[in-house]
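Trainee: Pasting a predicted model and its sequence here:
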Amino acid sequence: MLQPVAGGDAHCGPYFAELALNAAAGELARIAVGAAGTFTMFFSAESLADYKTKLHFMEKRAAWFEAFVGSGFDLCQIDLMRALVARAKATAA
């Protein structure tokens, strides 16, 4: 992707296959969101803040999934996490 410049050094860009670059970036985003969701399963929630953070991530991930993948997202796990947050709030009070 480096191209020579007359009388100068080589520089990067413009990308000659913009369509391929956009497709690669879009696929990378899809994989990263899926991987992040899987990665969060390795962390157990131990406090109310942990539960709230996990719930927030799950809600944003569902919204992203519906906006960019274009299909529905299983909200059952989000409902379970909301119940856990409510229970943690009641326990903390």
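Mentor: That came in fine, so what should we check first? Residues are numbered from 1 along each chain as shown.
Trainee: Go ahead and name everything in contact with stretch 59-70.
Mentor: Contact with stretch 59-70 is made by Ala29, Arg30, Val33, Ala36, Gly37, Ser71, Gly72, Phe73, Leu75, Ile78, as judged by C-beta atoms under 8 Å, 6 or more residues apart in numbering. From N, CA and C alone the C-beta is placed, and that goes for glycine too.
Trainee: so what are the domain limits for the protein?
Mentor: Structurally, the chain divides into domains by automatic domain parsing as follows: 1-42, 44-93.
Trainee: hmm, which helix or strand of the chain has the shakiest average pLDDT?
Mentor: Least confident helix or strand, the chain: strand 2-4 with a mean of 61, by mean pLDDT, DSSP states H and E.
Trainee: I'd like the domains of the chain as JSON lines, with mean neighbour count appended.
Mentor: What follows is those, written out as JSON lines (neighbours: other C-beta atoms under 10 Å):
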{"stretch": "domain 1-42", "mean neighbour count": "10"}
{"stretch": "domain 44-93", "mean neighbour count": "13"}
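Trainee: Can you tell me the element the residue nearest the centre of the chain falls in?
Mentor: Residue closest to the mean C-alpha point of the chain, counted by C-alpha atoms, centre = their mean, is Val33 at 3.1 Å. Assigned by DSSP states H and E, Val33 belongs to helix 18-39.
Trainee: Tell me how far that helix lies from the chain's centre.
Mentor: From the chain centre to the centre of helix 18-39 is a distance of 9 Å (C-alpha atoms, centre = their mean, to the nearest Å).
Trainee: Same check on stretch 25-44?
Mentor: Chain-centre distance of stretch 25-44: 6 Å, with C-alpha atoms, centre = their mean.
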